[in-house]
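**Q** here is a sequence together with a model predicted from it:
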Amino acid sequence: MNLKIWFLATRPWSFTMTAISVGVGGAVAALDGAFDVWLFLLTLVGAVCVHGATNLINDYFDYKSGVDRPGAPTTLYRPHPLVQGLISPRAVLWVSVGLYAIAAIIGLALLALKGAGLLWFILVGAIASFFYTAGPIKYKYLALGELAVFLMWGPVIVGGTYFVQRGSLSLDAVLISVPFGLLVALVLLANNLRDIDYDRSAGIATLGTLLGQQKTRVLYQGLILLAYLAIALLIALKILSPWGVLVFFSAPVAFRLIRTLQREIPNDADARTAQLDTLFGVWLIVGLILEKIFPL
């Protein structure tokens, strides 16, 4: 087994977003009391396994349905070992099952430690992960992908991580998750904006195909601004401390991205959006950690 090929097949560059969501949930929990590093690491490993399995199983179903094929946009902008014939569909299916199994074992352990309330986070995550492109739902192609991504990398992962640490729900954690969840959803929106013509030819419904290029572009730019406005509002409401202004260090990257999309839609629009997500999320976590150490 070529581990490098399998590593690329899981799209590891996308795991940064999962790590940040878990980090935000853990940091908010730490503000409210004790922080258990081992529970945090278990949560992180479980979440990354689900993310990797999601990427593999969705590539599997897209490949089987003919959406992912040689020449498809996704094969031009990232490695796609399945389409390239470097790995078999059967192997992809079984490796994804293995990753799901690891995540399930971790989930059961956390359930035993933290109680049945965690089950809702696990079930929502599992359903969202598998049925992204799997039948009979295939909700990505019902123009629901961005909404699901927002919910998963926002309230579900952040709120679930908080629950693991504190054994309870937190409205603050959910609210703080919103701006980062918006930006993660924009990675998919950027992908769908770039692929509008291909998706239409394949009969796929996305926000891009439904709204058209110009309206999707406006939505993308508006949601970036909304993410920063949400941070400002959270600070004004004292849900985030003044340390939250550190997030605005990422704003120059955001404005460059907005200006770029006013002129053109670059082939790497999704990758550029992911870079913004990383900067935004890291500064958000840094602000939360500094509030724990140096409360204002």
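**A** Looks like it came in fine. All values derive from a computational prediction rather than experimental measurement.

**Q** isn't residue 45 up against residue 105?
**A** No. Using CB atoms under 8 Å, residue 45 is not in contact with residue 105, being 10.3 Å away. From N, CA and C alone the C-beta is placed, and that goes for glycine too.

**Q** pLDDT of the one helix or strand residue 285 maps to, averaged?
**A** Applying DSSP states H and E as the criterion places residue 285 in helix 269-293. The predicted model assigns helix 269-293 a mean pLDDT of 96.

**Q** how about the helices in the stretch 101-250 of the chain?
**A** With DSSP state H, counting those that start in this stretch as the criterion, the stretch 101-250 of the chain has helices at 119-130, 145-151, 157-166, 171-194, 196-201, 207-211, 213-236.

**Q** the helix holding residue 285 - contacts with which helices or strands?
**A** helix 15-31, helix 171-194, helix 213-236, helix 251-263 (3 or more CB pairs under 8 Å, 6 or more residues apart in numbering; DSSP states H and E).

**Q** next one: it to chain centre, how far?
**A** 13 Å (CA atoms, centre = their mean, to the nearest Å).

**Q** which positions within it qualify as buried?
**A** The neighbour-count check on helix 269-293 (16 or more other CB atoms under 10 Å) flags 269-291 as buried.

**Q** equivalent analysis for stretch 196-214, please.
**A** 196, 199, 204-209, 211.

**Q** stretch 82-96 now?
**A** For stretch 82-96, the neighbour count (16+ other CB under 10 Å) marks 82-83, 87, 91-92, 95-96 as buried.

**Q** now do stretch 42-53
**A** Those would be 42-44, 46-53, for stretch 42-53 by 16+ other CB under 10 Å.

**Q** one more: stretch 6-25?
**A** Those would be 6, 8-11, 14-15, 17-25, for stretch 6-25 by 16+ other CB under 10 Å.

**Q** list just the nearest of those to residue 146.
**A** Nearest to residue 146 among the buried residues of stretch 6-25: residue 17, at 13.8 Å, using CB to CB.

**Q** on the pLDDT front, check that closest one for me.
**A** Looking at residue 17, its pLDDT reads 97.

**Q** nearest residue to residue 2 in space, please, no chain neighbours.
**A** Among residues not flanking residue 2 along the chain, residue 86 sits closest, at 7.5 Å (CB to CB, 6 or more residues apart in numbering).

**Q** ditto for residue 221
**A** Per CB to CB, 6+ apart, closest to residue 221 is residue 258, 4.9 Å.

**Q** next, count neighbours for that neighbour.
**A** Using other CB atoms under 10 Å, the number of residues around residue 258 comes to 15.

**Q** would you point out the helix or strand in the protein whose mean pLDDT is lowest?
**A** Sorting the helices and strands of the chain by mean pLDDT, DSSP states H and E puts helix 73-77 at the bottom, at a mean of 80.

**Q** show residues contacting that one.
**A** 62, 68-69, 80, 83-84, 194-195, 198, 267-268, 270-271 (CB atoms under 8 Å, 6 or more residues apart in numbering).

**Q** do the same with stretch 39-56
**A** With CB under 8 Å, 6+ apart, stretch 39-56 has contacts from 9-12, 14-15, 18-19, 21-22, 25-26, 92, 95-97, 99-100, 102-103, 106-107, 109-110, 113, 125-126, 129-130, 132, 157, 160-161, 164-165.

**Q** now do stretch 243-253
**A** 179, 228, 231, 234-235, 275-276, 279-280, 283-284, 286-288, 290-291, 294, 296.

**Q** pLDDT weak spots in the stretch 151-296 of the chain?
**A** Judged against pLDDT under 70, the stretch 151-296 of the chain has no low-scoring part.

**Q** let's see that with 90 instead.
**A** 199, 201-204, 262, 266-268, 296 (pLDDT under 90).

**Q** just the stretch 1-150 of the chain next, same as before
**A** Applying pLDDT under 90 to the stretch 1-150 of the chain flags residues 1-4, 7-8, 34, 65-80, 116, 133-138, 140-141.

**Q** re earlier: so the residue nearest to residue 2 is in which element?
**A** Assigned by DSSP H and E, residue 86 belongs to neither a helix nor a strand.

**Q** tell me where the longest helix sits in this structure.
**A** Taking DSSP state H as the criterion, the chain has its longest helix at helix 37-65.

**Q** could you give the angle of that one to helix 119-130?
**A** Inter-element angle recorded for helix 37-65 and helix 119-130: 30 degrees (by axes from the mean of the first three to the mean of the last three CA atoms, to 10 degrees).

**Q** return stretch 261-272 as PDB; C-alpha atoms alone will do.
**A** Extracted in PDB, the C-alpha atoms of stretch 261-272 (Å, rounded to 0.1, in the frame of the first residue of the first chain):
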ATOM      1  CA  LEU A 261     -13.400  37.700  -7.100                       C
ATOM      2  CA  GLN A 262     -14.800  41.000  -8.400                       C
ATOM      3  CA  ARG A 263     -12.400  40.600 -11.300                       C
ATOM      4  CA  GLU A 264     -12.200  36.900 -11.900                       C
ATOM      5  CA  ILE A 265     -12.900  33.500 -10.400                       C
ATOM      6  CA  PRO A 266      -9.400  31.900 -10.000                       C
ATOM      7  CA  ASN A 267      -9.100  28.100 -10.300                       C
ATOM      8  CA  ASP A 268      -7.800  27.900  -6.700                       C
ATOM      9  CA  ALA A 269     -10.700  30.000  -5.300                       C
ATOM     10  CA  ASP A 270     -11.500  27.300  -2.800                       C
ATOM     11  CA  ALA A 271      -7.900  26.900  -1.700                       C
ATOM     12  CA  ARG A 272      -7.600  30.700  -1.200                       C
END
